[in-house]
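Trainee: Fold the following, please.
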Amino acid sequence: MTTFKQIACSLVSTCLLGAAVLACSSDPPGTSGDSASDSTGSGNGGTAGNTGSGGSGGSTGNTGGSSSSGGGGATSSSSTGGGIPPTTFDESACTIFVDAATGLDANGGHAKNDARKTIAAAVSIVKAGDTVCVYPGAYGAFKNTVSGTDAKRIHFVSVERWEAKVTSSMAPIQNLGNYVDIDGFEVTTPNELVGVGISNGDGKLAEHCRIFNNHVYGITAKTGKGKGGAGILSAGWVTDQHYRGTDVEIFNNFVHDIGNTTQYASLVQGIYIAHPHAKIYNNIVYNVSGVGIHGWHNANYVEVTNNLTSNTGGIVLGNGDDPCNDPKVYKCPFTDYFVTNNILYHDRAGIYLYPGPNHVISNNDFYMTTSIGMNALTVDPQLVGYALAPNADFHLEAMSPMINAGLSTHAPAIDFDGKARPQGGSPDIGPFQH
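Mentor: Numbering: from 1, shown residues only. Next up, the predicted model:
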């Protein structure tokens, strides 16, 4: 098992820029490469603000339910204990159809009986306002470069939740357009050199985008020579505006087994954000060889609320490296991190925020993890069936101390199942509302 002392000596500030991956690791104060002080953080084993350590081997798991929110069209869901609910997208909203079983890429793609076969072929006819409905089946990688508008978003959606399975020897899903939704896909890759499952804005700003309801797992993200990876990445990076993208939401995703979880890797993250004005909520993240949820570079005005992390390096938010390393070129404000209502269940480290004004750490539960912040709980959240295994159920038990224990400010209006929050006087802590 890697110790926190070993980790502190090995952390670096290194990035890889490219079409496949952009993932960096921050150096908490007290480790090499960082001279900051007066920071806020929690760790384990006496090293404040560490970004992770060696973990144990992982396995795929279930979350007990999911539902869409905010995307075009309607969904229906019914929770089925520890299993995936039968969630189906309303096909009346579809404008482009993709079906691996019956489609042909030579087809028009604008009717179910005239569907295209691959998502990549559908991307070639996408325009603002389109909803691309993808039916159950196995699909290769796709890359969208088309933008929607505020009034006419582009929505890529798996008609049956997690049944459109995207896998490839290259990055499975890449988005470079603005006003784009990625909704409900299962995403993995057999190639250990591929560093990211879903990539947003690595080459374009890709602003006003939403990534939700996806199942991302098995991203080996083999590291070396400064390379890193993430289950879900939002970079907001373009050649002349490094990490300047804005307004991205990442929510209701199930992300696990990212990196080699038997070996610590500081550059491999579960969910990674590198630009300002992002919201990360209602996600379940476990078995990550680096940090569970990580903001770096120009990650300011970031809300991390009602997530659950386990067997990860916890939650780390800060500014550093490009574009923040030269204030004469670009001044990063180091401000406004809101980290509330999260469950950190047996993580290798807790929550770490780099110093700055207007930060809030409140109403989080640190079970078997070092605690920090206001109104912190350190109790068993009493989940229905906690396990890092296929039969896991992360819902709250009827007597869970997480019920009504959350902070209303910044709490999302729905939970992982699509249930309205709150049900009582205050929202529950974690991704599920009881």
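
Trainee: I'd like to know how far Thr149 sits from Cys209.
Mentor: 13 Å (CB to CB, to the nearest Å). Where C-beta positions appear, they are placed from N, C-alpha and C, glycine not excepted.

Trainee: neighbour-wise, which of the two wins?
Mentor: Between Thr149 and Cys209, counting by other CB atoms under 10 Å, Cys209 is the more crowded of the two (27 against 12).

Trainee: So, low pLDDT: which residues of the chain?
Mentor: Residues of the chain that meet the criterion pLDDT under 70 lie in 1-87, 223-227, 236-245, 322-323, 325, 327-330, 390.

Trainee: ok, longest strand in it?
Mentor: strand 229-237 (DSSP state E).

Trainee: just checking, what packs against it?
Mentor: strand 196-202, strand 209-212, strand 215-219, strand 248-251, strand 254-258, strand 268-273 (3 or more CB pairs under 8 Å, 6 or more residues apart in numbering; DSSP states H and E).

Trainee: Give the pairing partners of the longest one; include direction for each.
Mentor: What it means is strand 196-202. If you go by DSSP bridges, strand 196-202 pairs up with strand 173-175 (parallel), strand 229-237 (parallel).

Trainee: just the angle between it and strand 254-258, please?
Mentor: 110 degrees (axes from the mean of the first three to the mean of the last three CA atoms, to 10 degrees).

Trainee: Render the CA-only coordinates of strand 196-202 in CSV, please.
Mentor: Coordinates of each C-alpha in strand 196-202 appear next as CSV, following Å, rounded to 0.1, in the frame of the first residue of the first chain:
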residue,chain,number,x,y,z
VAL,A,196,-10.4,9.8,-20.9
GLY,A,197,-13.9,8.4,-21.3
ILE,A,198,-15.9,11.6,-22.0
SER,A,199,-13.9,14.7,-23.1
ASN,A,200,-15.5,18.1,-23.3
GLY,A,201,-13.6,21.1,-24.7
ASP,A,202,-10.2,19.8,-25.3
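
Trainee: tally of neighbours for the closest residue to Leu383 other than its chain neighbours?
Mentor: By the measure of CB to CB, 6 or more residues apart in numbering, the closest residue to Leu383 outside its immediate chain neighbours is Phe394, 5.3 Å from it. Neighbour count of Phe394, defined by other CB under 10 Å: 27.

Trainee: Assumed Phe394 was part of a helix.
Mentor: No. Read with DSSP: H, G, I helix; E, B strand; the rest coil, Phe394 is strand and lies in no helix.

Trainee: Pull the contacting residues for it.
Mentor: By CB atoms under 8 Å, 6 or more residues apart in numbering, the contact set of Phe394 is 63-64, 284, 308, 383-386, 430-432.

Trainee: Give me the subset of those lying in helices.
Mentor: Among the contacts of Phe394, DSSP state H puts none in helices.

Trainee: Can you pull the phi and psi angles for Ala121?
Mentor: phi -70, psi -30 (degrees, to the nearest 10).

Trainee: quick one: contacts for it?
Mentor: When contacts are counted by CB under 8 Å, 6+ apart, Ala121 touches 98, 105, 109.

Trainee: try it again with 7 Å
Mentor: Contacts here follow CB atoms under 7 Å, 6 or more residues apart in numbering; on that basis Ala121 touches Asp105.

Trainee: And for Ile429?
Mentor: 341, 343, 363, 365, 402, 405-406.

Trainee: the helices in the protein, which residues?
Mentor: 4-10, 119-123.

Trainee: Tell me which residues of the shortest one come out buried.
Mentor: Yep, that's helix 119-123 we're talking about. By neighbour count on 16 or more other CB atoms under 10 Å, the buried set for helix 119-123 is 119-123.

Trainee: follow-up on the earlier one: centre of the chain versus the longest strand of the chain, how much separation?
Mentor: 9 Å (CA atoms, centre = their mean, to the nearest Å).

Trainee: again, but for stretch 423-434
Mentor: With CA atoms, centre = their mean, you get 20 Å for stretch 423-434.

Trainee: What's the end-to-end length of it?
Mentor: Terminal residues of stretch 423-434 lie 7 Å apart, using CA to CA, to the nearest Å.

Trainee: quick one: buried residues of it?
Mentor: 426-434.

Trainee: For Gly318, give me its contacts.
Mentor: 26, 295-296, 353-354.

Trainee: 8 Å - rerun?
Mentor: 26, 295-296, 299, 334, 352-354.

Trainee: cool, and Tyr386?
Mentor: Here Tyr386 is in contact with 310, 345, 392-394 (CB under 8 Å, 6+ apart).

Trainee: middle-most residue in the chain, spatially?
Mentor: Centroid-nearest residue in the chain: Ile271, 3.6 Å away (criterion: CA atoms, centre = their mean).

Trainee: so what sits against both of Thr149 and Cys209?
Mentor: With CB under 8 Å, 6+ apart, Thr149 and Cys209 have common neighbours Tyr179.

Trainee: Run a quick check on Ile315 versus Ile343, I expect a contact.
Mentor: No. With contact defined as CB atoms under 8 Å, Ile315 does not count as touching Ile343 (10.9 Å).

Trainee: Spell out which residues are contacts of both of those two.
Mentor: Counting by CB under 8 Å, 6+ apart, the residues touching both Ile315 and Ile343 are 307, 309.

Trainee: more neighbours, those two?
Mentor: The neighbour comparison of Ile315 against Ile343 (other CB under 10 Å) goes to Ile315, with 32 against 27.

Trainee: residues in contact with that one?
Mentor: Going by CB under 8 Å, 6+ apart, Ile315 touches 291-294, 304, 307, 309, 339, 342, 344, 350-352.

Trainee: Pick the most buried one from the strands paired with strand 196-202.
Mentor: strand 229-237 (a mean of 30; mean count of other CB atoms under 10 Å).

Trainee: tell me the angle that one makes with strand 268-273.
Mentor: Strand 229-237 and strand 268-273 meet at an angle of 30 degrees, taking the same axes, to 10 degrees as the criterion.

Trainee: Strand 229-237 to strand 215-219, inter-axis angle?
Mentor: Using the same axes, to 10 degrees: strand 229-237 against strand 215-219 is 110 degrees.

Trainee: On the strand side of things, show who Phe338 bridges to.
Mentor: According to DSSP bridges, the residues that bridge with Phe338 are Glu303, Val360.

Trainee: Sorry, slip of the keys, the one I care about is Ala138.
Mentor: Applying DSSP bridges to Ala138 gives these bridge partners: Lys165.

Trainee: and which of the contacts of Phe394 is nearest to Val157?
Mentor: Thr63 (18.3 Å; CB to CB).

Trainee: Cool, thanks, signing off.
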